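In: Next come a sequence and a model predicted from it.
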Amino acid sequence: MPVIQFLARELEREKNQTIDLSGVPHLMIRGDMDAAGILFRNLLENAVLHGSSLRPAHVIVTENSEILIFNDCDPLTLESLQNMEKPFVRGKTNAEGSGLGLAIVRQVSLQLQADITITSPAPGKNKGYCRYCSFPVRRYRSRSQLEGSKNY
């Protein structure tokens, strides 16, 4: 969660937009932290750039290594949802960018073994989207468990 908090505060300063954070204070994922930073930066920036300037993007981190990112954009069409992760594909927007952010997210998510989906409108709403990221749960074993096991 510290990486997500840092990135959220950085984006708030850059874009003058609020990002609400809630949930568990720590998230442990297996993999390259630089890659995770790229993934979260792109997801948060996408939520801010394409959301409503009147409502903040919202991030929830769960105990099950899940991150939910919501914004308040107009509902996305099925065609937009199907194509948004293709390189250089951009929806109807005046926001800056090249259309590579979500294609990068897809590739990084594969490296981190993360499952990423999007729904629009956001659950329980008539607009917005929810980007759902699920990481393999990292289980810790005690020293006695490690000493009794040949597979560490």
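Out: Alright, I've got the coordinates. Only a predicted model underlies this, so the values are computations on that prediction, with no experimental measurement involved.
In: Might you calculate how far the helix ranked longest in the chain sits from the centre of the chain?
Out: Counting residues, the longest helix found in the chain (DSSP state H) is helix 33-49. Centroid displacement of helix 33-49 relative to its chain, using CA atoms, centre = their mean, to the nearest Å, is 6 Å.
In: which parts of that helix are buried?
Out: The neighbour-count check on helix 33-49 (16 or more other CB atoms under 10 Å) flags 35-36, 38-49 as buried. For glycine as for every other residue, the C-beta is placed from the backbone atoms N, C-alpha and C.
In: can you tell me which residues contact Arg90?
Out: Gly97, Ser98, Gly99 (CB atoms under 8 Å, 6 or more residues apart in numbering).
In: didn't the last one look like it was pressed against Phe88?
Out: Yes - when contacts are counted by CB atoms under 8 Å, Gly99 is listed as touching Phe88 (4.4 Å).
In: can you pull the pLDDT of the closest residue to Leu102 other than its chain neighbours?
Out: The spatially closest residue to Leu102, leaving aside those adjacent along the chain, is Glu85, at 4.7 Å (CB to CB, 6 or more residues apart in numbering). The model reports Glu85 with a pLDDT of 88.
In: repeat for Ser65
Out: 89.
In: Please shift the residue numbers so they start at 56 in all later answers.
Out: Yep, numbering from 56; the last one is Ser120 now.
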